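Trainee: Mind folding the following:
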Amino acid sequence: MLTVRARDDLARIAHPRTPWLEPRIGPDGQPALDVLIVGGGQSGIAIASGLLRAMVTNILVVDRAPSGQEGPWLTFARMHTLRSPKDYTGPDLDLPSLGYQAWHEARYGVAHWQALEQISRHDWAVYLGWVRDTVGVPLRNETAVVDIVPASNGLLAVTLSNGAMKYARKVVLATGQDGAGVWWMPDFVAALPVGFRAHAADPIDFAALRGRRVAVLGAGASAFDNAALALEAGAVEVVLFCRRPEPQVVQPYRWLTFAGFLRHVSELDDAWRWRFMSHIMRMREGFPQATYDRCARHPTFRLRTGTSWTSARRVGDAVEIQTSKGPFKADFLICGTGVEMDFSQRPELSRLAGNIARWSDRYQPPPEERDERLARFPYLAADFSLLPRQPGLTDWMADIHMFNIASTMSFGPSGSSINAMTTSVPKLVSGLTRGLFKGDLERYWQSLKQYDVPQAVLHR
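Mentor: I've put the predicted structure just below:
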């Protein structure tokens, strides 16, 4: 049985096994957590697994979603399969028996794996749940973090959505694509009644779009996925608007998936980090052939390139959109327009949002490389922790580590990328254990001086 084998493998590589942390006591008189991980998706599971292997066992993962609904895979991820190649490893952290291939072969057989082209997103969600249970990740569902403040004894006080308080030495924000801001759409679209528009990450009743005209803004993979679902639901017309002359079909994340880049781009100086990542992020992620074909096979699908939206207003039971090439009428709008980086929109960051250092605070690129959107990304320390714009004001942010889409400019693919998990998660875990160790140096020094366990008995 694969679960038994994976647990046996985990036991075989459990070195060093020595417990090394003593819990700090919180203001409530109870032992505080060493690490609280916010987000129980693939990143949160992998981080927790890495910490458990490092004998950091006093941890908790919280996720706002119900059990089994963590991450995007069964909610707003609307593709049929993952876009990553099937042989990319990730949450297994280099343990073959914990990898997706081992799980797939145990479930469907070796021949099925060999014939498989892409991993089903539904299978990926089930696999992640299996990893979580096999490793023994402590997860509390339907629990969000609504506030973080400094507490005594070098701890953070974390308020949960149920009103409970947790104290922790370290907090990791493994909060996915929107973890440092909000899903964004143009103001004139957001001003429309909810029944006329949605973001691609919103719950959408696609069955209700049958017989209706749908306009989609954006030409990324998720925009095409939503257009496809509307077409498959029976929309009478779906028009996807791309402001570029041609959609982005080159996938830069395929280029960068090699050990040198994934391991070391975060170690480059600011000029090189910015040069690489701003080029990649401005390109944005391309979509695969199957994603386009899923839309193009419908005669009611149209792609309008070189066309942006400038305004929108409700006209009876429809919406009239003003575009750069004239007006267009639709019954429902879907915005595949990504995320706005805005720390003030995150309750867990609201107390320190104004003092989080951004790339614009630390580096000014040459004019041809400037990008206001990317300049708003946080400028993170080597352990993924937040840095202050003004030292001395909110220095406690050094114990908050950001492992989501916002870590991309500082670390390259990391907090929201399967292809980078094997390098980025160990790097974060090492940063966490480094901070926990250095925070208790005096205790370790005293322990060493008092250590007197003989290794041999001398016969005289």
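Trainee: Please identify the buried residues of stretch 67-79?
Mentor: For stretch 67-79, a neighbour-count test (16 or more other Cβ atoms under 10 Å) marks 69, 70, 71, 72, 73, 76, 77, 78, 79 as buried. In short, each C-beta sits where N, CA and C put it, glycine included.
Trainee: Closest to residue 156 out of these?
Mentor: Checking those against residue 156 by Cβ to Cβ gives residue 70 as the nearest, at 22.6 Å.
Trainee: residues in contact with that closest one?
Mentor: Residues near residue 70 by Cβ atoms under 8 Å, 6 or more residues apart in numbering: 39, 40, 41, 44, 63, 128, 139, 141.
Trainee: same for the helix or strand containing residue 134, what does it pack against?
Mentor: Using DSSP states H and E, residue 134 sits in helix 121-135. Contact here means 3 or more Cβ pairs under 8 Å, 6 or more residues apart in numbering; DSSP states H and E; on that basis helix 121-135 packs against helix 2-12, helix 42-53, helix 100-108.
Trainee: mind listing what's buried in the lengthiest strand in the chain?
Mentor: Secondary structure of the chain per DSSP state E: the longest strand is strand 165-173. Using 16+ other Cβ under 10 Å as the test for burial, strand 165-173 gives 166, 167, 168, 169, 170, 171, 172, 173.
Trainee: do the same with stretch 17-31
Mentor: For stretch 17-31, burial by neighbour count (16+ other Cβ under 10 Å) applies to 21, 24, 26.
Trainee: my read: residue 90 touches residue 43, true?
Mentor: No: if you go by Cβ atoms under 8 Å, residue 90 and residue 43 don't touch, sitting 9.2 Å apart.
Trainee: hang on, the earlier thing: averaged pLDDT, the longest strand of the chain. What do you get?
Mentor: Strand 165-173 shows a mean pLDDT of 98.
Trainee: hey, C-alpha coordinates of that strand in CSV?
Mentor: Written as CSV, here are the backbone C-alpha positions of strand 165-173 (Å, rounded to 0.1, in the frame of the first residue of the first chain):
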residue,chain,number,x,y,z
MET,A,165,-6.4,33.9,19.4
LYS,A,166,-3.3,31.9,18.4
TYR,A,167,0.2,32.9,19.4
ALA,A,168,3.1,32.0,17.1
ARG,A,169,6.8,32.7,16.7
LYS,A,170,6.5,32.7,12.9
VAL,A,171,3.6,33.2,10.5
VAL,A,172,3.7,32.0,6.8
LEU,A,173,1.2,33.5,4.4
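Trainee: What angle do helix 42-53 and that strand make with each other?
Mentor: Interaxial angle, strand 165-173 versus helix 42-53 (axes from the mean of the first three to the mean of the last three Cα atoms, to 10 degrees): 110 degrees.
Trainee: Direction included, what does strand 165-173 pair up with?
Mentor: Here strand 165-173 has these sheet partners by DSSP bridges: strand 33-38 (parallel), strand 156-160 (antiparallel), strand 400-402 (parallel).
Trainee: I'd like to know which of these is closest to residue 262.
Mentor: Distance to residue 262, taken as Cβ to Cβ, is lowest for strand 400-402 among the strands paired with strand 165-173, at 18.1 Å.
Trainee: What mean pLDDT does the closest one get?
Mentor: 98.
Trainee: List the buried residues of it.
Mentor: Per 16+ other Cβ under 10 Å, strand 400-402 contains these buried residues: 400, 401, 402.
Trainee: Show me what that strand is in contact with.
Mentor: With Cβ under 8 Å, 6+ apart as the test, strand 400-402 has contacts from 148, 156, 170-173, 179-180, 349, 378, 380, 383-386, 415, 428, 431-432.
Trainee: mind redoing it with 6 Å?
Mentor: Outside strand 400-402, the residues within contact range by Cβ atoms under 6 Å, 6 or more residues apart in numbering are 171, 172, 173, 384, 385, 386.
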